[in-house]
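1. quick one: sequence plus predicted model below, questions after.
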Amino acid sequence: MKRTLSLLLLLPVFAVAALAQGGQQKPADPKPSGAMPTADQIIDKYVQAIGGKAAIEKLTSRVSKGSFELPAFGASGTAEIFEKAPNKGLAVINVSGFGVVQEGFDGKVGWSQDPQNGLREKSGAELAAAKLDAEFHKPTKIKQLYPKLAVKGKDKVGDHEVYVVDATPVEGSAETWYFDTTTGLMLRRDTVREGPQGRQEIQEFLDGYKEVDGVKLPFSLRQVTTAFTIDIKIEEVKHNVPIDDAKFNKPAAQ
């Protein structure tokens, strides 16, 4: 169980809130259907759906608190997520019976700490992913951060019809995004993350959108891997609160 729980480090918890301002099985390849919008049109609609550029960029920090469950192992706990513009993030996850898992990025250094692997610094593909995940105003910077965007067709996430977009960043692994064809909101994100246990494919399902300070955020998150599923419920979000930069720094070695 400890080895499985340590995989929590691979899950970009604070990235969901930054980017997002059904069944669990991977569907068949999406098929084009009728006249498709361009990737730029889909992204522009998404930015408007979550509040628009001005509303997104007036926010400078975010503190989210919630709980999570790991049903397969009967595990649960609490999560605190700290984000600060332009590119700092810290997730603190307290797992009952296991301990505290932390994952942070201070603008340059990506790091993680947990009872299984101790304190370690990220590098390579893992660091590139941490840097992307920590972009606070990511929705308004998608076209710069992901220069290659390709519409793959339509599909379904639960009962919702979605446009499927492959997004390749400047550095790091490609992602697949699923946007509701009606509302424009992102309902799912498929990513690949590297970590101590190797390469892990992650499906993130985003639901329960609520407006907070003019920006819509998902309050219900489900992260699915081949090993387990994690259900995350966000219970409180506060914006533009003071956060000391030192909070994101890699802890001193013990």
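-> Sure, I can see it.

2. lowest average confidence, helix or strand, in this structure?
-> Ranked by mean pLDDT, DSSP states H and E, the helix or strand of the chain with the weakest confidence is helix 2-6, at a mean of 43.

3. show me where the stretch 1-150 of the chain has helices.
-> Remark: helices assigned in the stretch 1-150 of the chain by DSSP state H, counting those that start in this stretch are 2-6, 13-20, 39-49, 53-57, 124-133, 142-145.

4. mind telling me which of those helices the model trusts least?
-> Within the helices of the stretch 1-150 of the chain, the least confident segment by mean pLDDT turns out to be helix 2-6, at a mean of 43.

5. report the mean confidence score over stretch 230-250.
-> The average pLDDT for stretch 230-250 rounds to 97.

6. that stretch: how far from the chain's middle?
-> Computed by CA atoms, centre = their mean, to the nearest Å, the separation of stretch 230-250 from the middle of its chain amounts to 13 Å.

7. just stretch 239-254 next, same as before
-> So, by CA atoms, centre = their mean, the centroid of stretch 239-254 is 19 Å from its chain's centroid.

8. cool, stretch 180-197 as well?
-> Here the centre of mass of C-alpha atoms in stretch 180-197, compared against the chain's by CA atoms, centre = their mean, lies 7 Å away.

9. let's see it as CSV, backbone CA atoms only.
-> In CSV, the C-alpha atoms belonging to stretch 180-197 read as follows (Å, rounded to 0.1, in the frame of the first residue of the first chain):
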residue,chain,number,x,y,z
ASP,A,180,-17.8,20.1,-23.7
THR,A,181,-19.1,21.1,-27.2
THR,A,182,-21.9,23.1,-25.6
THR,A,183,-20.4,24.9,-22.5
GLY,A,184,-16.8,25.0,-23.7
LEU,A,185,-15.6,23.7,-20.3
MET,A,186,-12.8,21.1,-20.0
LEU,A,187,-14.3,17.8,-18.7
ARG,A,188,-11.2,15.6,-19.0
ARG,A,189,-7.4,15.8,-19.4
ASP,A,190,-5.1,12.9,-20.2
THR,A,191,-1.5,13.2,-19.2
VAL,A,192,1.7,11.2,-18.7
ARG,A,193,3.8,11.8,-15.6
GLU,A,194,7.3,10.5,-14.6
GLY,A,195,8.3,9.7,-11.1
PRO,A,196,10.2,7.3,-8.8
GLN,A,197,7.9,4.4,-9.9
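
10. got the contact list for the host helix or strand of residue 218?
-> Assigned by DSSP states H and E, residue 218 belongs to strand 215-224. Counting by CB atoms under 8 Å, 6 or more residues apart in numbering, strand 215-224 makes contact with 11, 16-17, 20-21, 24, 49-51, 55-56, 59, 66, 185, 202-211, 229-235, 237, 239, all of which sit outside it. Using the backbone N, CA and C atoms, a C-beta is placed for each residue, glycine as well.

11. gap between the nearest residue to residue 136 once chain neighbours are set aside and residue 250?
-> In space, not counting the residues next to it along the chain, residue 136 is nearest to residue 85; the distance is 4.0 Å by CB to CB, 6 or more residues apart in numbering. Going from residue 85 to residue 250 by CB to CB, to the nearest Å gives 20 Å.

12. same question for residue 106.
-> Taking CB to CB as the measure, residue 106 falls 7 Å from residue 250.

13. can you map out the strands along this structure?
-> In chain order, the chain shows strands spanning 61-70, 75-84, 88-95, 99-105, 110-114, 118-121, 148-157, 160-168, 175-180, 186-195, 198-212, 215-224, 229-239, with DSSP state E as the criterion.
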